[in-house]
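Chemist: Here's my sequence, what's the structure:
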Amino acid sequence: MFIPKVFEQTNRQQLIELMQAYPLATVIFSDNSLPVACHIPVLYINDERGERLIGHVHRCNPLWQHTDKPWLVIFHGANHYISANWYPSKQQTHKEVPTYNYQAVHITVQATLIEDLPSVKQILSITTDYFEEHLATQIHHHPWKIDDAPSEFIDKMCPALVAFEMNIVDIQAQFKLSQNKSDENRQGVIDGLGQLDTDAARQMAMLVKHAK
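Modeler: Down below sits the predicted model:
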């Protein structure tokens, strides 16, 4: 990924927080020299075995057949269009153009298939627990557990799925949040976004305000 120095993000904790907040990742692999992308939930894990990513797909998805080469996993964070009219300097010189602010984390991984039934069920359990517990923090919700379903039903379903762990080879991240603009123009972006009554605009305004 091309990353201008001013937008480079190396704070590991912030990258982890973005992955956790936006777990629907784009996974890119090569099939007969052609790039192929699929979109799947991917979770970041850091335990006694170290850092890694986990995920699963239906067996019909060709992704799992291409573990011989690295994959590129992309997490997309907040994003928003930025109008040139929001820069105070535009009113003085007219030498400003629109842009797009965004957050993106690119992770190169080497995947390993997980095929034994207990391990597949563990990955499914970790994944569903993560999302169910997140729901429970937002609404009155009793989290669904994999044990809520009959064990024979889950055991019969698992062969149709392929789970995998992804060892992290490299991480690159770009948080383009108006860091290249003057304080006056950054405030103009915050004020412009503040005129929009959307969660996306409010979130981007907060990110621009605190970006370094």
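Chemist: Report the separation between W86 and Q179.
Modeler: For W86, the distance to Q179 equals 16 Å [CB to CB, to the nearest Å]. For glycine as for every other residue, the C-beta is placed from the backbone atoms N, C-alpha and C.
Chemist: For these two, indicate the residue with more neighbours.
Modeler: The neighbour comparison of W86 against Q179 (other CB atoms under 10 Å) goes to W86, with 22 against 16.
Chemist: does that one really touch D191, like I thought?
Modeler: Yes. Using CB atoms under 8 Å, W86 and D191 qualify as a contacting pair, with a distance of 6.9 Å.
Chemist: Give me the helices and strands touching the helix or strand of the chain with the lowest mean pLDDT, please.
Modeler: One helix or strand of the chain scores below all others by mean pLDDT, DSSP states H and E: helix 88-93, with a mean of 87. Under the contact definition 3 or more CB pairs under 8 Å, 6 or more residues apart in numbering; DSSP states H and E, helix 88-93 sits against helix 183-194.
Chemist: Render the CA-only coordinates of the helix it packs on in PDB, please.
Modeler: Presented in PDB, the C-alpha positions along helix 183-194 are these (Å, rounded to 0.1, in the frame of the first residue of the first chain):
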ATOM      1  CA  ASP A 183      -5.000  23.800  12.200                       C
ATOM      2  CA  GLU A 184      -7.400  26.300  10.600                       C
ATOM      3  CA  ASN A 185      -8.300  24.000   7.800                       C
ATOM      4  CA  ARG A 186      -8.600  21.000  10.100                       C
ATOM      5  CA  GLN A 187     -11.100  23.000  12.200                       C
ATOM      6  CA  GLY A 188     -12.900  23.800   8.900                       C
ATOM      7  CA  VAL A 189     -13.200  20.100   8.200                       C
ATOM      8  CA  ILE A 190     -14.500  19.500  11.700                       C
ATOM      9  CA  ASP A 191     -17.100  22.300  11.400                       C
ATOM     10  CA  GLY A 192     -18.100  21.100   7.900                       C
ATOM     11  CA  LEU A 193     -18.700  17.600   9.100                       C
ATOM     12  CA  GLY A 194     -20.500  18.900  12.100                       C
END
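Chemist: tell me the phi and psi of T127?
Modeler: phi -70, psi -50 (degrees, to the nearest 10).
Chemist: Next, count neighbours for H56.
Modeler: H56, neighbours per other CB under 10 Å, totals 21.
Chemist: Nearest spatial neighbour of it, chain-adjacent residues omitted?
Modeler: A163 (4.2 Å; CB to CB, 6 or more residues apart in numbering).
Chemist: Buried residues of the least confident helix or strand of the chain, list them for me.
Modeler: Within helix 88-93, the residues that count as buried by 16 or more other CB atoms under 10 Å are K90.
Chemist: Please apply the same query to stretch 160-168.
Modeler: L161, V162, A163, F164, E165, M166.
Chemist: And the contacts of that stretch?
Modeler: Under the criterion CB atoms under 8 Å, 6 or more residues apart in numbering, residues 42, 51-59, 61, 64, 67, 71, 73, 107-115, 119-120, 123-124 lie in contact with stretch 160-168.
Chemist: Mean confidence (pLDDT) on that stretch, please.
Modeler: Averaging pLDDT along stretch 160-168 yields 97.
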